[in-house]
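K.L.:
Give me a model of this one.
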Amino acid sequence: MNWRFETLPAINKRTQTENFIKNELMNYYFYLEKKFECEELVKAYQCEQDNPSVGGSIAKMPDTSPNGLSPQAKLANNKSEAESKLKEYIRRLEILDGWMNILTESLHDTVKTYVMVYQCNDIEDAADELNLKSNTVNKYTNRAIKRIRKKIKKIC
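P.N.:
This next block holds a predicted model:
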C-alpha cells in the first residue's frame, strides 16, 4: 500500500472523529509514561553534560567519531531529541487534559476509569468501581466523546 496513490473512501467523519478521540483518551497513560521517560533522559543527558567523564587512557582517541560527530555533539543531539519528544508528549497531555476539563464530573470520572484505566475493557469491573450499571458507563462514555467532538468542532 502506498498512501500517495490512495483515494479517500466514503467514510463517516463523525464516527472517525469519535474513534480518534476515544483512542487518544486511551493513550493518556501511555503518553504520561513516555513523558516521564523523556524527562529522565533529559536529566541524564544534562547530568552527563554538567559532569563529563574524564578519560584516563594514555591512548589518544580520534577527534571525531565515525559519523563525524564528537561525543559532546552526540550528547547534545540526544538531549535535544529527548527534549523535542518531551515537548510533544506534554502537548498531547495538555490537549487531553483540556478535553477532560470540558466534561461534567460524572462523565470525567467515567472516562478516566473506563476509557483511560480499563482501556474500554472489563466494563463490569469499571461499572463496579464507579458504582454504576454497565449500560450507564457505556452511555456516559458515548456522551462524553460526543461532547468532546462537538467542542473540538467549535474550536476548529
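
K.L.:
For the host helix or strand of Thr15, which helices and strands make contact with it?
P.N.:
Assessed by DSSP states H and E, Thr15 sits inside helix 13-26. Applying 3 or more CB pairs under 8 Å, 6 or more residues apart in numbering; DSSP states H and E, we find helix 13-26 packed against helix 71-101, helix 134-155. Where you see a C-beta, it was placed from the backbone N, CA and C, and this is true even at glycine.

K.L.:
repeat that for 6 Å
P.N.:
With contacts defined as 3 or more CB pairs under 6 Å, 6 or more residues apart in numbering; DSSP states H and E, the packing partners of helix 13-26 are helix 134-155.

K.L.:
middle-most residue in the protein, spatially?
P.N.:
Tyr31 (2.7 Å; CA atoms, centre = their mean).

K.L.:
ok, and for the one helix or strand that one maps to, which residues are buried?
P.N.:
Element membership for Tyr31, per DSSP H and E: helix 28-50. Neighbour-count burial for helix 28-50, counted by 16 or more other CB atoms under 10 Å, picks out Tyr28, Tyr31, Lys34, Lys35, Cys38, Leu41, Val42, Tyr45.

K.L.:
Just the closest of those residues to Met100, please.
P.N.:
Tyr28 (8.5 Å; CB to CB).

K.L.:
what about Arg14, how many neighbours?
P.N.:
11 (other CB atoms under 10 Å).

K.L.:
what pLDDT does it get?
P.N.:
Looking at Arg14, its pLDDT stands at 90.

K.L.:
For it, which non-adjacent residue is closest in space?
P.N.:
Counting by CB to CB, 6 or more residues apart in numbering, Arg149 is the residue found nearest to Arg14 once chain neighbours are left out, at 7.1 Å.

K.L.:
Asn19 is in contact with that neighbour, correct?
P.N.:
No: counting by CB atoms under 6 Å, Arg149 stays clear of Asn19, with 10.2 Å between them.

K.L.:
These two: which is more packed in?
P.N.:
A direct count of neighbours by other CB under 10 Å for Arg149 and Asn19 places Arg149 higher, at 18 against 12.

K.L.:
Show me the shaky parts of the protein.
P.N.:
53-67, 155-156 (pLDDT under 70).

K.L.:
try 80
P.N.:
By pLDDT under 80, the low-scoring segments of the chain are 1, 8-11, 52-71, 153-156.

K.L.:
This completes my enquiry, with thanks.
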